[in-house]
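Colleague: my questions concern the predicted model and sequence given below.
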Amino acid sequence: MRRILLGSLLAGAALLAPLALGTAGASATAPRAGLVAMAYAAWAPNTSYAVGARVTYSGKDYEAIQAHTSLVGWEPPNVPALWKPLSGTSTPTPTPTVSPTRTPTPTPTPTVSPTRTPTPTPTPTVTPTGPGGGKKVVGYFTNWGVYGRQYFVKNLVTSGSAAKLTHIIYAFGNVTNGRCVLSDTYADYDMAYTTANSVDGKADTWDAGVLRGNFGQLRKLKALYPKIKVLFSFGGWTYSGGFTQAAANPTAFADSCYNVVEDPRWADVFDGIDIDWEYPNACGLSCDSSGTAAYGNLMRALRARFGQNYLITSAITADGTGGGKIDVGGYDTAAQYVDWY
């Protein structure tokens, strides 16, 4: 069983309001009489921010480096890919603190060069593990992890995980109205990566046709580790509500999933699809009563649409109690259509 806590996406446009600093009349304050401090509007969720917009959050000023619409969880300190700090406070006094904030910026940049040096080393190490006995080392990569946790595809390389993995399950796509859809387009294919957090140490550009976001980073990862297969997972605890409608029209569901996974912009990234229905003919966050044949019908339709050259996998319940979720889910009849559970 997989669980997700939905992350959110960030952003910002700022309003500038000049505040004149008053003088106390004492001669000691006279030299500061000409200073003017700029008080920026407080950061707020669900607000559109343009590049260069400035806001105040927790006593610190920030400037937007990418245009976006803010969401809860995208507070400026949490998303350095969208905001850069300007100073410690909104008064002119801490202005010098801007210099040290720039100092750490180059620090991760040289880190990228060393990561490329050991890259060839793990690549041959992994080659024998692929065909060796059919063992699979599968890991999840969640699309919302790039926000609060700041966990990027590059971390799979620097942590050594990429050298050991045979399969990555990218989680999660949504299932709504009986169709497969993307759950977070910004994280999936639009977020621009810097030299510091990009797999190959090259920053994303805004040129037409450039694939950014997690999809672009996964493409770079597969170039370094060709043996890794990536599957796009749909559903999960939060996004399983649409499976009941999908079960009513399995063919339409399978077509929609194929169109998302094999979108021409990232068709080379994914090697298959993973279904995480929580739960067929039982209750999770939502309840389903489609019958024991529904799950098998869905898997059969997916196999018919994707064919034998794509991987089809699924996460199923661990509830093995008598009359529990395994008994009513129809997993046994669906097994013939999946590569593994």
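Modeller: Happy to help now that I have it.
Colleague: so what touches the longest strand anywhere in the chain?
Modeller: The longest strand of the chain (DSSP state E) is strand 167-176. Under the contact criterion Cβ atoms under 8 Å, 6 or more residues apart in numbering, strand 167-176 has outside partners 2, 4, 136-143, 156, 180-183, 214, 218, 228-236, 238-243, 246, 253, 260, 270, 274, 276, 311, 313. The way it works is simple: take the backbone N, C-alpha and C, and place the C-beta from them, glycine included.
Colleague: try 7 Å this time
Modeller: Contact with strand 167-176 is made by 2, 4, 136, 138-143, 180-183, 228-236, 239-240, 242-243, 246, 260, 274, 276, as judged by Cβ atoms under 7 Å, 6 or more residues apart in numbering.
Colleague: which PyMOL command selects the buried ones in those?
Modeller: Filtering those down to the buried ones (16 or more other Cβ atoms under 10 Å) takes a single PyMOL command:
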select buried, resi 2+4+141+142+143+180+181+182+183+228+229+230+231+232+233+234+235+236+239+240+242+243+246+260+274+276
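Colleague: how about the strands of this protein, start to end?
Modeller: 16-20, 36-40, 48-49, 54-57, 60-64, 68-69, 83-87, 138-142, 167-176, 179-181, 229-235, 272-276, 311-314.
Colleague: for the longest one, list every residue counted as buried.
Modeller: I take that to be strand 167-176. So, applying 16+ other Cβ under 10 Å, buried residues of strand 167-176: His167, Ile168, Ile169, Tyr170, Ala171, Phe172, Gly173, Asn174, Val175.
Colleague: can I get the CA coordinates of that strand in CSV?
Modeller: The C-alpha trace of strand 167-176 is given here as CSV (Å, rounded to 0.1, in the frame of the first residue of the first chain):
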residue,chain,number,x,y,z
HIS,A,167,13.3,0.2,-11.9
ILE,A,168,11.9,3.6,-10.8
ILE,A,169,8.2,4.1,-10.1
TYR,A,170,7.3,7.7,-10.6
ALA,A,171,4.4,8.6,-8.3
PHE,A,172,1.7,9.7,-8.8
GLY,A,173,-0.5,10.5,-11.7
ASN,A,174,-4.1,11.2,-11.0
VAL,A,175,-7.2,9.2,-12.0
THR,A,176,-10.2,11.5,-12.4
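Colleague: what's the angle between that strand and strand 229-235?
Modeller: Here strand 167-176 runs at an angle of 30 degrees relative to strand 229-235 (axes from the mean of the first three to the mean of the last three Cα atoms, to 10 degrees).
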